[in-house]
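1. Pasting a predicted model and its sequence here:
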Amino acid sequence: MAILITGGAGYIGTHAMVEFLNEGREVVCVDNFCNSNPVALERVKKITGKDFKHYNVDLLDKDALEKVFSKNEIDSCIHFAGLKAVGESCEMPLKYYHNNLTGTFNLCELLSKYRAKKIVFSSSATVYGKPKSVPITEDFPLSTTNPYGETKLMIERVLKDLYESDNEWSVSILRYFNPIGAHESGLIGEDPKGIPNNLLPYVAQVATGKHPYLRIFGNDYDTHDGTGVRDYIHVVDLAKAHLCAIKRAETRKGIEYFNIGTGKGYSVLDIVAAYEKATGATINYKIMERRLGDVGECYADPTKAYELLGWRAEKDIEDMCRDSFRWQSKNPDGYGE
Ligand code: NAD
Ligand code: UFG
């Protein structure tokens, strides 16, 4: 029986594939490479020494997706595939709604038809909007501030309705906080197109000399040093959470929501200091205006994931910075064109 991994060529998907393959699980990957590179899948094979089936298929092409189901014994799914750039989602909302929602509808229809009613969905801390306090627990009120976040919240609601209509489903919704870092081999990592929007890829590019300095968006937040605080989680720890989630889904039906974070908040200046300490690089920075839409502080209470999934983050901020730097240094142009 195989686990279907949608978006398996992406940043988090590749790391998850490594964990599943290392556990001896059979995986089938579908990805249309709209934000990834087939080279990443070759690297997954190199790390694990294992082969797997993969298909260049768009989730929007339901006929092509069905062929993947008819050719493989798919039993469950980890659903990473989606567009994720917040700014772009504001410029092209229809593209985001269509890709993320229609892709999920096609997928769920086929999972249902082929009696593989187990899904782990990649949601995000973005569904908590501007949280009233921290740490955030799963029962906090939900809201969003942009179309990308809205697609995550809408998919959560669709999956809830699906479960309520058919209790044979097992749905695990993982709300990721801020995934960073890379596999310790330095063979796979985050490969953003163009200039990175997120903090860590940008810091990595400053550390390796691609940019002269980091722009820190605001130092007047109500945080210990005024810069924004987030819950950074090592992508390998995050990948392992999917293994725990699918194991639970294999033994019980229902719908559950989990925060996947470390429970610790680090400010932008904390990250700069940690990166310098872990790598020996110098991170120059300038303080700029706040970035529109940013919240001051966001970090998880991950207790529920520990209690029910038996999962907790093991890697610390130094591991995250060191592994990010190794990936960036060994692959200055990511996976290439
Ligand atoms: P990513 O862009 O690296 O990976 C997503 C993959 O999905 C890419 O390989 C892309 O080519 C593929 N894809 C997109 N639309 C597709 C379609 N219609 N058909 C087939 N393949 C398609 O992103 P990631 O960082 O690995 O994120 C994975 C998931 O986790 C996404 O759903 C994202 O929204 C969610 N998430 C990411 C973060 C983060 O900070 N990275 C935080 C919270 C949630
Ligand atoms: N920051 C800078 N300079 C930069 C980039 C970021 O100072 O060049 C700051 C931000 O202001 C924020 C912190 O670094 O305080 C983290 O910013 P990121 O862009 O790395 O991450 P966000 O928390 O803003 O957003 C991420 C994902 C979103 C997701 C959200 C919640 O990018 O998709 O987490 O899960 F919605």
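-> Sure thing, it's come through. Ligands and ions are numbered 1, 2, ... in the order given.
2. For the rest of this, base every contact and every neighbour count on C-alpha atoms.
-> OK.
3. Looks to me like residue 219 is in a strand.
-> No: with DSSP: H, G, I helix; E, B strand; the rest coil as the criterion, residue 219 is assigned coil and is not in a strand.
4. My guess is it contacts residue 226. True?
-> Yes: applying C-alpha atoms under 8 Å as the test, residue 219 and residue 226 come out as touching, 4.2 Å apart.
5. So if I had to pick from these two, which one is more boxed in?
-> Per other C-alpha atoms under 10 Å, whichever of residue 219 and residue 226 has more neighbours is residue 219, with 20 against 15.
6. so who does residue 95 touch?
-> residue 89 (C-alpha atoms under 8 Å, 6 or more residues apart in numbering).
7. before we move on, which element is it in?
-> Secondary structure from DSSP states H and E places residue 95 in helix 93-97.
8. Dump the helix or strand following that helix to CSV, keeping only the CA atoms.
-> Remark: after helix 93-97, the chain's next helix or strand is helix 103-113, criterion DSSP H and E. Only the C-alpha atoms of helix 103-113 are listed here, as CSV (Å, rounded to 0.1, in the frame of the first residue of the first chain):
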residue,chain,number,x,y,z
GLY,A,103,-6.7,20.8,-6.6
THR,A,104,-7.9,19.7,-3.1
PHE,A,105,-11.5,18.9,-4.4
ASN,A,106,-10.1,16.7,-7.2
LEU,A,107,-7.8,15.0,-4.8
CYS,A,108,-10.5,14.3,-2.2
GLU,A,109,-12.9,13.0,-4.8
LEU,A,110,-10.3,10.5,-5.9
LEU,A,111,-9.3,9.5,-2.4
SER,A,112,-12.9,8.8,-1.7
LYS,A,113,-13.5,6.9,-5.0
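9. Contacts for helix 103-113, please.
-> 58-60, 62, 65-66, 69, 76-77, 82, 117-118, 155.
10. out of the residues you listed, which are inside helices?
-> Counting by DSSP state H, these place 62, 65-66, 69, 155 in helices.
11. Grab the two from these that are most spread out in space.
-> Greatest spacing in the ones in helices among the contacts of helix 103-113, by C-alpha to C-alpha: 69 and 155 (21.6 Å).
12. Before I go, just wanted to say thanks for your time.
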